[in-house]
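> Sequence unavailable; structure follows:
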């Protein structure tokens, strides 16, 4: 096991998250893909922390997890509010903010 | 040297396969509940990867916060929306999809280049980390409260604001309640 293995796993997970955000039209799947990307970043942070024997990476990963939880709470609340107003969560149809 | 034996390699490939397979499951399902369950499996596999990286406390947090709290949120919202099916892949806007694909390939090539350089520069295997303290709750707490106290407190404020904001956004207004009654 080298750090490269974990970094490749992180990159693959991040790529899958990007594909999910770009290709899926359901707002909930888009949010799940964002969670996947945040987890990919966490794997990279913790792998580097292990390589350097430095706990700072763990502290950053801890902060990322907390902020991701906050983002999920607010994002899902927005999805519920949008669904209540528009009766759908297709991100292609939600163009109210388009200039 | 810990963490470099064949058993560890086997476990790494198992959990990496579970992680990638679970995430692919998430982005390909039509059924939202199935996608959410795939996400739960992915998070458990990622927690196992954290354990392999000597991040025991973060693995526990991953299971508690992600596989527990965040997943419950997702399942609740899926149930509230109550939409069984969802189109799997968007067919409209083919030009946009082409640009997205090119951008993705470019990103993956660049990431591959960076990873290649990293592996050339640091070919050494992961070594056993210094001491038995690394990754424990005690070590992480010490790091958080000594070096990163301000980010820790800022995160607590962010969480408070997020909870209040989520309630404020999702709460039905008087107009919506009347509409629901009329319906």
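All right, it came through fine. What you see is a predicted model; the values in this text were computed from it and never measured.
> Contacts only, for residue B:35.
By Cβ atoms under 8 Å, 6 or more residues apart in numbering or on different chains, the contact set of residue B:35 is A:28-29, A:32, B:25-27, B:29. Bear in mind the C-beta positions are built from the backbone N, C-alpha and C, glycine included.
> Number of residues surrounding residue 23?
Going with chain A. By the criterion of other Cβ atoms under 10 Å in any protein chain shown, residue A:23 has 19 neighbours.
> if you could check chain B rather than the one you did, that'd help
Number of residues near residue B:23 (other Cβ under 10 Å) recorded here: 31.
> Using the three-state scheme, assign it.
helix (DSSP: H, G, I helix; E, B strand; the rest coil).
> Which helix or strand contains the closest residue to it other than its chain neighbours?
Take residue B:23 and drop its neighbours on the chain: the residue closest to it by Cβ to Cβ, 6 or more residues apart in numbering or on different chains is residue A:16, 4.5 Å away. Assigned by DSSP states H and E, residue A:16 belongs to helix A:3-23.
> buried set for the helix or strand following that helix?
Once the chain leaves helix A:3-23, the next helix or strand it forms, by DSSP H and E, is helix A:27-52. Under the neighbour-count criterion of 16 or more other Cβ atoms under 10 Å in any protein chain shown, helix A:27-52 has A:27-51 buried.
> which of the residues you listed come close to chain B?
The subset of those lying close to chain B, counting by Cβ under 8 Å from any Cβ of the partner chain, consists of A:28-29, A:31-33, A:35-36, A:39, A:42-43, A:46-47, A:49-51.
> Spit out the contact partners of the most centrally placed residue in chain B.
Taking Cα atoms, centre = their mean, the centroid of chain B lies closest to residue B:43, which sits 6.5 Å from it. Residue B:43 sits next to A:39, B:62-63, B:66-67, B:71 when contact means Cβ under 8 Å, 6+ apart.
> change it to 6 Å
B:66-67 (Cβ atoms under 6 Å, 6 or more residues apart in numbering or on different chains).
> Touching the worst-scoring helix or strand of chain A on mean pLDDT from outside, list them.
Ranking every helix and strand in chain A by mean pLDDT, DSSP states H and E puts helix A:3-23 at the bottom, with a mean of 89. By Cβ under 6 Å, 6+ apart, the surrounding residues in contact with helix A:3-23 are A:30, A:33, A:36-37, A:40, A:43-44, A:47, A:51, B:16, B:20, B:23, B:27, B:89, B:100, B:104, B:108, B:111, B:115, B:119.
> helices and strands around the longest helix along chain B, which ones?
Looking across chain B with DSSP state H, the single longest helix is helix B:94-121. Where contact means 3 or more Cβ pairs under 6 Å, 6 or more residues apart in numbering or on different chains; DSSP states H and E, helix B:94-121 is packed against helix A:3-23.
> just the angle between the helix it packs on and helix B:94-121, please?
Orientation note: helix A:3-23 sits at an angle of 170 degrees relative to helix B:94-121 (axes from the mean of the first three to the mean of the last three Cα atoms, to 10 degrees).
> Show me what the lengthiest helix in chain A packs onto, helices and strands only.
Identified as the longest helix of chain A according to DSSP H is helix A:56-86. In this structure, helix A:56-86 packs against helix A:27-52, helix B:56-61, helix B:71-81, helix B:137-146, helix B:149-170, with contacts taken as 3+ Cβ pairs under 6 Å, 6+ apart.
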